[in-house]
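Undergrad: build me a structure from this.
(chains A, B, C and D)
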4 protein chains.
Amino acid sequence: MSGPDYGATFGAWRAACPHWAAYTRHAFVEGLKDGTLPRAAFLHYLVQDYVFLVHFSRAWSLAVVKSETLDEMKVCAGTVDALVNHEMALHVETCAGEGLTEDQLFGAVEEVENLAYTRFVMDAGVQGDFLDMMAALAPCVMGYGEIGARLAGSGGPYSAWIETYAGEEYQDVCRAVGVMIDTSVARRVGDLGVSPRVVALQSRFDMATRLEVGFWDMGMRGA
Amino acid sequence: MSGPDYGATFGAWRAACPHWAAYTRHAFVEGLKDGTLPRAAFLHYLVQDYVFLVHFSRAWSLAVVKSETLDEMKVCAGTVDALVNHEMALHVETCAGEGLTEDQLFGAVEEVENLAYTRFVMDAGVQGDFLDMMAALAPCVMGYGEIGARLAGSGGPYSAWIETYAGEEYQDVCRAVGVMIDTSVARRVGDLGVSPRVVALQSRFDMATRLEVGFWDMGMRGA
Amino acid sequence: MSGPDYGATFGAWRAACPHWAAYTRHAFVEGLKDGTLPRAAFLHYLVQDYVFLVHFSRAWSLAVVKSETLDEMKVCAGTVDALVNHEMALHVETCAGEGLTEDQLFGAVEEVENLAYTRFVMDAGVQGDFLDMMAALAPCVMGYGEIGARLAGSGGPYSAWIETYAGEEYQDVCRAVGVMIDTSVARRVGDLGVSPRVVALQSRFDMATRLEVGFWDMGMRGA
Amino acid sequence: MSGPDYGATFGAWRAACPHWAAYTRHAFVEGLKDGTLPRAAFLHYLVQDYVFLVHFSRAWSLAVVKSETLDEMKVCAGTVDALVNHEMALHVETCAGEGLTEDQLFGAVEEVENLAYTRFVMDAGVQGDFLDMMAALAPCVMGYGEIGARLAGSGGPYSAWIETYAGEEYQDVCRAVGVMIDTSVARRVGDLGVSPRVVALQSRFDMATRLEVGFWDMGMRGA
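TA: Numbering: from 1, shown residues only, chains lettered A, B, ... in the order given. This next block holds a predicted model:
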């Protein structure tokens, strides 16, 4: 199982993660691909994902707070802008077509799987440093990029969703984040493979991936 | 349904919380009372609760960081000490009798219901102020106090657990925290009942209580 | 002494602050106005102000983390973007004309007056809530707006600096932040004048203003 | 110039720090040793140091939040307890003899050198990980230990202050913190001397030491 090239560090984390296939090949994803995912499940997911993006934007903002180089600041601040002004706007537009306002989205009650995930990422930043956050943020950013790239051109009822993540703009974000992570690893750790930090960072990456699996499960469960 | 007097603010939060009975009268609690709770469920809970206490101690330490008066600092620092040096020690002792070491407890993989709860409390402190934390911390502290007080003297296989929370030492903590919360509300808000903050604080209290219900559910599910 | 209208809350904080005139009518400011400020003092200030903006951007990013409404998130994220991609860029451009690279700016050793200010603002966010941060962030944002508006059209060697803060783009930021603060006060506190919080918020505003005075003093001292 | 053995990591940081002698052999320290320090300077220092300890306790509490092992949690929580319940109490007692109440101490207006230092330490924790905090916390803890050990038995008007830091209890804290730092370095970094992190950590240690020099300067300046 291979995927797009989002940098060496991400590649190593992905290869060592026991939950990666369960996440990126989840029944929810396959249902998006062949169009068999029930609309109610998709909408339930979309409302929860909007609230997810609110807290994910807060998490990327915490990554700006934790940045130690100008490049880290700029990439993370740019990601916050992309999340708040583009990805969240896409959800708002799709949900508007279903009669849901942005205030309804913002005020939706979080499912526990949703809350667990974003607060885990936030706490990775509170407890650790910039790289601890990156290990917890990467599965969502890059996993969606990988899923988008694999599902590109599938067509069907979910093609707008698919093409958002398959598109060059989103793929560029994944590559830029990947380069930045590699640079941060070089600056802070050197060769991650021989550093004792490899265990803790892999553990954060694995937990975030496990929480992605739970998020799809929650989506499947429907409203 | 009445409970011990842990202060006016807690009393108002408790009275307005739709999940309070589901939490404090949960089947898990009734099983502790009459001794019918399966031992495996109790041990699964205890291991998870040890990890919970690790992060709950981190959360009370964040409350020290957020303190604005000497009294707040002292009460919160004292609670950290009680958690790290007494309550966690009790779990270690009980688990040692089952052949589990403290390192095994510390390294146990968190269930999602557990992780969701403690990280939610941490984030209440990251996002809000001292009172936002208190609203998220109170359900655990005072709920266990109320459960302990109600189950006191039940005897049976779980009497050691019950008497820990029924005991004067723990009840004193609940009362001290309750007084401190009332003082903090007076200092920051004045009359909470007529303040717009009442909504946001109740919302944090309610979510933490909902997460307590999930924690018991997780315990019932067993290993 | 009157100034532009940046909202009711800011107006009340400004009116009650004992250091406001010392800050906005500082000798450094008058020297910018009539062009008598020594070039070395201006450059020393500019290098320190670049480092200030790095940490001030981190502080506004923490304000995104602490936001509780969509509007707060958007205004704060927009301010981070304005700081990182516009105001810092202006400093880089001006300093480039003096032979200083952005890496040299980013790596400049902070003066204690500089460090004290930005870390105080960060800690206001760590200790308090969104409004505690706003009270600590407002003196810089709005004070520069007020100074820019008063010095507009002064001409002389510092006219580029003056017109940046006098310009509509910057004045719009001040007004938008002012409206957002008023909304946040209404949402969290109600009538701030009769709330016990007024003391703590004024205290944060006053300290930040005092630290602005120290920042100009540091600038006057030169390299 | 040698000092007590507080572990290998501290030893390396101390040896590489250009401000260490300026801090530990400052005129303020020599005045404590031979008793020539003016009483007003000492009292001014003591009041500011009380406020310093308030925020230093908050910083050590943040270190509990950032702990990743049980040992780190216990050492840091124990340090918070020592600061809040012992070192601050000593200041209260000494100041009481001069007619100052603890409320007056808690409410004293911070000098900028004081504020700069504690907020810098806090932000080291917000921006970095546990080790970033330790590098910023170590100069105060261990520097006072080294000064106490060197001045032990000097007698004179400041002997109570001297013997507090010379005493076994305080020296034990320094050694315990030193061991914990060495363990944390081994766990996270391995050989710090060949890690790229050595630069950033030394930089935090150096800045904190520079801020200690400023703190003594502020003390000498008197009220």
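Undergrad: please count neighbours and contacts with C-alpha atoms only from this point.
TA: OK.
Undergrad: enumerate the residues of chain A near chain B.
TA: A:Val112, A:Glu113, A:Leu115, A:Ala116, A:Tyr117, A:Arg119, A:Phe120, A:Met122, A:Asp123, A:Leu211 (Cα under 8 Å from any Cα of the partner chain).
Undergrad: close to chain D, is the helix or strand harbouring the third one?
TA: What that stands for is A:Leu115. In the assignment (DSSP states H and E), A:Leu115 maps to helix A:112-127. Yes. Contact of helix A:112-127 with chain D (Cα under 8 Å from any Cα) involves A:Val126, A:Gln127.
Undergrad: tell me the one of the residues of chain A next to chain B nearest chain D?
TA: Closest to chain D out of the residues of chain A next to chain B is A:Asp123 (9.5 Å), distances taken as Cα to the nearest Cα.
Undergrad: run through who's touching stretch A:203-210.
TA: Here stretch A:203-210 makes contact (Cα atoms under 8 Å, 6 or more residues apart in numbering or on different chains) with A:13, A:17-20, A:23, A:117, A:120-121, A:124, A:132, A:135-140.
Undergrad: and A:Thr118, how far from A:Ala8?
TA: 25 Å (Cα to Cα, to the nearest Å).
Undergrad: which of the two has more neighbours?
TA: In this view A:Thr118 and A:Ala8 are compared by other Cα atoms under 10 Å in any protein chain shown, and A:Thr118 has more residues nearby, 28 against 13.
Undergrad: so is A:Lys33 in a helix, a strand, or just coil?
TA: helix (DSSP: H, G, I helix; E, B strand; the rest coil).
Undergrad: need the contact list for it.
TA: Neighbours of A:Lys33 in contact, by Cα under 8 Å, 6+ apart: A:Leu151, A:Ser154, A:Gly155, A:Gly156, A:Tyr158.
Undergrad: in helices, which of the residues you listed appear?
TA: A:Leu151 (DSSP state H).
Undergrad: most surrounded residue in the contacts of A:Lys33?
TA: A:Leu151 (20 neighbours).
Undergrad: for it, which non-adjacent residue is closest in space?
TA: Of all residues not flanking A:Leu151 in the chain, A:Lys33 sits nearest, at 5.9 Å (Cα to Cα, 6 or more residues apart in numbering or on different chains).
Undergrad: next one: that neighbour from D:Glu87, what distance?
TA: Counting by Cα to Cα - A:Lys33 and D:Glu87 are separated by 64 Å.
Undergrad: swap in A:Met220?
TA: Counting by Cα to Cα - A:Met220 and D:Glu87 are separated by 56 Å.
Undergrad: any idea which helix is longest in chain A?
TA: helix A:39-66.
Undergrad: how about that helix: buried residues?
TA: A:41-66 (16 or more other Cα atoms under 10 Å in any protein chain shown).
Undergrad: does A:Pro139 lie in a helix or a strand, and which?
TA: Going by DSSP H and E, A:Pro139 is in helix A:130-151.
Undergrad: who in chain A is up against chain C?
TA: A:57-59, A:61-62, A:64-66, A:70, A:74, A:77-78, A:80-81, A:84, A:106.
Undergrad: can we see that at 6 Å?
TA: Residues of chain A lying close to chain C by Cα under 6 Å from any Cα of the partner chain are A:Arg58, A:Ser61, A:Val65.
Undergrad: and which of the contacts of A:Lys33 is nearest to chain C?
TA: A:Tyr158 (26.7 Å).
Undergrad: ok, the closest residue to that closest one other than its chain neighbours - how many residues close by?
TA: Sequence neighbours aside, A:Leu32 is the residue nearest to A:Tyr158 in space, at 5.8 Å (criterion: Cα to Cα, 6+ apart). Per other Cα under 10 Å, the neighbour tally for A:Leu32 reads 23.
Undergrad: mind putting the contacts of A:Lys33 into a markdown table with pLDDT?
TA: Shown next, in a markdown table, are the contacts of A:Lys33 (pLDDT from 0 to 100):
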| residue | pLDDT |
| --- | --- |
| A:Leu151 | 98 |
| A:Ser154 | 97 |
| A:Gly155 | 95 |
| A:Gly156 | 97 |
| A:Tyr158 | 96 |
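Undergrad: state the helix or strand in which the closest residue to A:Gly145 other than its chain neighbours lies.
TA: Excluding the flanking residues, the one nearest A:Gly145 by Cα to Cα, 6+ apart is A:Tyr165, at 5.5 Å. Element membership of A:Tyr165 [criterion: DSSP H and E] is helix A:159-166.
Undergrad: which secondary structure elements does that helix sit against?
TA: helix A:130-151 (3 or more Cα pairs under 6 Å, 6 or more residues apart in numbering or on different chains; DSSP states H and E).
Undergrad: what angle do the helix it packs on and helix A:39-66 make?
TA: 150 degrees (axes from the mean of the first three to the mean of the last three Cα atoms, to 10 degrees).
Undergrad: before we move on, back to that, the helix or strand following the helix holding A:Tyr165: which residues count as buried?
TA: Where DSSP H and E defines the elements, the next helix or strand beyond helix A:159-166 is helix A:168-188. Under the neighbour-count criterion of 16+ other Cα under 10 Å, helix A:168-188 has A:170-171, A:173-175, A:177-185, A:187-188 buried.
Undergrad: again with stretch A:63-83
TA: The neighbour-count check on stretch A:63-83 (16+ other Cα under 10 Å) flags A:63-68, A:72-83 as buried.
Undergrad: stretch A:89-102 now?
TA: Under 16+ other Cα under 10 Å, the buried positions of stretch A:89-102 are A:Leu90, A:His91, A:Val92, A:Cys95, A:Glu102.
Undergrad: want to try a markdown table for those residues, with distance to B:Val198, secondary structure and pLDDT as columns?
TA: Shown next, in a markdown table, are the buried residues of stretch A:89-102 (distance: Cα to Cα, whole Å; DSSP: H, G, I helix; E, B strand; the rest coil; pLDDT from 0 to 100):
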| residue | distance to B:Val198 | secondary structure | pLDDT |
| --- | --- | --- | --- |
| A:Leu90 | 33 | helix | 83 |
| A:His91 | 30 | helix | 88 |
| A:Val92 | 29 | helix | 90 |
| A:Cys95 | 30 | helix | 89 |
| A:Glu102 | 24 | helix | 90 |
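Undergrad: farthest pair in those?
TA: By the measure Cα to Cα, A:Leu90 and A:Glu102 form the most distant pair in those, at 11.0 Å.
Undergrad: quick one: average confidence on the helix holding A:Tyr165?
TA: Per-residue pLDDT over helix A:159-166 has a mean of 94.
Undergrad: restricting to C-alpha, output that helix in CSV.
TA: Only the C-alpha atoms of helix A:159-166 are listed here, as CSV (Å, rounded to 0.1, in the frame of the first residue of the first chain):
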residue,chain,number,x,y,z
SER,A,159,-17.4,13.9,-5.9
ALA,A,160,-17.4,17.5,-4.6
TRP,A,161,-16.0,16.2,-1.3
ILE,A,162,-13.5,13.9,-3.0
GLU,A,163,-12.2,16.6,-5.4
THR,A,164,-11.7,19.1,-2.6
TYR,A,165,-9.1,16.7,-1.1
ALA,A,166,-7.8,15.4,-4.4
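Undergrad: and the pLDDT at the spatially closest residue to A:Val173 that is not a sequence neighbour?
TA: Leaving aside its chain neighbours, A:Val173 sits nearest to A:Thr79 (7.6 Å; criterion: Cα to Cα, 6+ apart). For A:Thr79, the model assigns a pLDDT of 93.
Undergrad: if we can go back for a sec, just the buried residues from the contacts of stretch A:203-210, in PyMOL please.
TA: Buried residues among the contacts of stretch A:203-210 (16+ other Cα under 10 Å), as a PyMOL selection:
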select buried, chain A and resi 13+17+19+20+23+117+120+121+124+132+135+136+137+138+139+140
